[in-house]
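S.K.: Return atomic coordinates for the entry below.
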Amino acid sequence: MKKFALYISCLLVLAAFGCNKGGGRPADLPEDMSPCAVTIIQDGQPLAGATVIFEYDTPVKYTTSGVTDEKGVATMLTYSFAGAQQGTAKVCVSKLVTEGGSEGEEYGDAGSVGQDFETVDTKYKKKETSDLTITVGKENVAETFDVGAAVHVHEK
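M.R.: Residues are numbered from 1 along each chain as shown. Next up is the predicted model:
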């Protein structure tokens with residue numbers, strides 16, 4: 001679980017500050033991005049902590065992604081700036097969880113690491129297999145996607 005929390009923390013820091021050393025908006029980042037929120041449902045309930053990535057049909061330079069909150073809503077960001085690039089994209093969803101493992105009892109004792117597993121059907125993880133599609137236009141976009149029943153697929 002610590003690995004997962006660290007992964008999400010890193011994602012949030014990157015989203016907040018971006019990877020750009022200059023800290024400014026890249027000149028080639030599209031100006032016509034649209035506000036976009038995606039809700040992910042699993043087993044009839046909002047799925048918190050899932051990573052959502054748009055894989056566009058046409059080549060784009062910057063990744064559009066988000067992480068779902070406790071209500072299952074991911075506010076989509078492109079290169080850490082609010083909004084999604086316009087176009088049609090496959091919606092890829094994953095949620096990695098760590099089970100098992102233990103904390104070290106004393107400073108310096110690493111304990112056991114645990115096992116990572118995916119809780120969303122792995123077909124939603126890749127553009128080639130996901131059947132979730134979104135079209136982003138000029139208006140605000142708010143879509144809901146159901147990823148079916150929870151799974152327990154160990155990562156290798």
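
S.K.: check contacts around the residue nearest in space to the middle of the chain.
M.R.: Centroid check for the chain by C-alpha atoms, centre = their mean gives T51 as the closest residue, at 1.9 Å. Going by C-beta atoms under 8 Å, 6 or more residues apart in numbering, T51 touches L11, S65, G66, V67, V93, S94, K95. C-betas here are computed from N, CA, C, even on glycine.

S.K.: For V67, see how far away it is.
M.R.: 6 Å (C-beta to C-beta, to the nearest Å).

S.K.: just Q85 next, same as before
M.R.: 18 Å.

S.K.: So which of the two has more stuff around it?
M.R.: Q85 (23 against 19; other C-beta atoms under 10 Å).

S.K.: Okay, now the unreliable bits of this protein?
M.R.: Scanning the chain for pLDDT under 70 picks out 1-23, 101-113, 155-156.

S.K.: The same query, at a cut-off of 80, please.
M.R.: The model of the chain has pLDDT under 80 over residues 1-23, 99-114, 154-156.

S.K.: Quick one: the helices in the protein, in order.
M.R.: For the chain, applying DSSP state H gives helices covering 2-17.

S.K.: Please flag which of the contacts of T51 sit within strands.
M.R.: Secondary structure from DSSP state E places S65, G66, V67, V93, S94 of these in strands.

S.K.: Those into TSV, with extra columns for distance to V136?
M.R.: Shown next, in TSV, are those (distance: C-beta to C-beta, whole Å):
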residue	distance to V136
S65	13
G66	13
V67	18
V93	17
S94	20
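
S.K.: which one of those residues sits closest to Y124?
M.R.: Using C-beta to C-beta, V93 is the member of these that sits closest to Y124, with 4.4 Å.

S.K.: Was I right to think that closest one contacts K125?
M.R.: Yes: in this structure, V93 is within contact of K125 by C-beta atoms under 8 Å, at 7.3 Å.

S.K.: Compare those two and say which is more crowded by neighbours.
M.R.: More neighbours surround V93 than the other of V93 and K125, with 23 against 19 (other C-beta under 10 Å).

S.K.: The protein: strands as residue ranges?
M.R.: 36-42, 45-46, 51-56, 64-67, 73-75, 77-78, 81-82, 87-94, 96-99, 115-118, 133-136, 141-146, 153-154.
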